[in-house]
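Curious how this folds, go ahead:
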Amino acid sequence: MVKLQVAIDFLKIEDAIALATKVAPYIDIIELGTPLIKSEGLAGIRKMKDAFPDKLVLADFKTADAGELEANMAFGAGADYVTILGTSGDSTIIGAVKAAKEHGKGVVVDTIGVKDKVKRAQEAIALGAEFVELHSGLDEQAEEGYSIQVLIDDAARAGVPVSIAGGVNSGSITAVKQSGAIVAVAGAAIYGAADPAKAAKELKDLLNA
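Have a look, this model is predicted:
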């Protein structure tokens with residue numbers, strides 16, 4: 001079954017926990033977005049995990065160097081997953097995977113900025129990543145002509161465990177599911193909704209349909 005991940009890009013952990021409380025019944029993975037991590041630090045990760053011990057917590061570090069060190073920091077603070085940039089060197093991913101194995105946790109390689117996402121996804125899985133996030137960031141999504149279909153097509157071609165992030169909403173999530181992705185990542189479609197719980201439930205229902 002495809003997991004639903006909520007990406008929370010708030011700046012205060014109290015706001016993030018309040019949102020997570022509303023959507024928790026429908027969410028499998030709670031992501032502390034990079035702005036939230038930078039604002040609240042490791043303490044924010046610990047607060048979220050303490051609030052939701054039964055949920056998987058992803059720390060979106062977007063690490064580009066010192067993979068083992070930064071992964072250890074994230075896992076030590078309670079994260080179940082940490083993200084490493086796909087544009088980083090193989091040694092950075094390998095170091096993070098080493099830390100993940102020691103903690104019994106997982107590394108997610110984020111392909112934001114990667115030109116050939118399919119090739120890098122396959123390489124990252126071979127290096128020990130648990131899954132790879134096929135990701136188009138907020139800036140890219142704002143560009144004229146952007147379509148999540150590119151990520152959906154990449155997922156179908158990759159042949160390895162991937163998530164999709166970059167415009168997942170009620171109109172695209174069925175195609176995300178059909179692509180073979182194991183995780184659908186929704187951000188603004190949930191936290192920007194008038195009723196986040198209703199929005200999360202709708203997405204979860206579409207995944208379960």
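
CA only for contacts and neighbour counts going forward, please
OK.

any idea how far D65 lies from T83?
12 Å (CA to CA, to the nearest Å).

Now do the helices in this protein.
Applying DSSP state H to the chain gives helices spanning 13-23, 34-40, 42-51, 67-76, 90-103, 117-126, 138-141, 149-158, 173-178, 188-191, 196-208.

List just the one of those that sits closest to L4.
Among the helices of the chain, the nearest to L4 by CA to CA is helix 196-208 (6.7 Å).

for the protein, where's the lowest mean pLDDT among helices and strands?
Every helix and strand in the chain was compared by mean pLDDT, DSSP states H and E; the lowest is helix 138-141, with a mean of 93.

which residues touch that helix?
146-147, 166-167 (CA atoms under 8 Å, 6 or more residues apart in numbering).

Pull stretch 125-136 out as CSV, backbone CA atoms only.
Only the C-alpha atoms of stretch 125-136 are listed here, as CSV (Å, rounded to 0.1, in the frame of the first residue of the first chain):
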residue,chain,number,x,y,z
ILE,A,125,19.2,2.4,-4.2
ALA,A,126,22.4,0.4,-5.1
LEU,A,127,24.2,2.5,-2.5
GLY,A,128,21.8,1.4,0.2
ALA,A,129,19.1,4.2,0.2
GLU,A,130,15.7,2.9,1.4
PHE,A,131,13.9,4.9,-1.2
VAL,A,132,14.5,7.9,-3.5
GLU,A,133,12.4,11.0,-3.6
LEU,A,134,11.7,12.1,-7.2
HIS,A,135,11.3,15.8,-6.3
SER,A,136,10.6,19.1,-7.9
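
and that stretch, which residues are buried?
Neighbour counts using 16 or more other CA atoms under 10 Å place 125, 128-136 of stretch 125-136 among the buried residues.

how much space between the nearest residue to Y146 once chain neighbours are set aside and L36?
Distances taken as CA to CA, 6 or more residues apart in numbering place E140 nearest to Y146, at 7.1 Å, with adjacent residues excluded. Counting by CA to CA, the separation of E140 from L36 is 20 Å.

Which residue of those two possesses the greater neighbour count?
Applying other CA atoms under 10 Å to E140 and L36 shows that L36 carries more neighbours, namely 22 against 15.

List the contacts of that one.
L36 sits in contact with 8-13, 44, where contact means CA under 8 Å, 6+ apart.

State which strand of the chain is the longest.
strand 56-63 (DSSP state E).

Other residues contacting it?
28-34, 37, 45, 48-49, 70, 74, 78-85, 88, 110.

swap the cut-off to 6 Å and go again
29-34, 79-85 (CA atoms under 6 Å, 6 or more residues apart in numbering).

again, but for stretch 163-175
133-136, 181-186, 189, 203.

Now pLDDT and distance to A156 too, for those residues, in CSV please.
Formatted as CSV, these follow (pLDDT from 0 to 100; distance: CA to CA, whole Å):
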residue, pLDDT, distance to A156
E133, 98, 13
L134, 98, 11
H135, 98, 14
S136, 95, 16
A181, 98, 8
I182, 98, 11
V183, 98, 13
A184, 98, 14
V185, 98, 16
A186, 98, 19
A189, 98, 23
L203, 98, 20
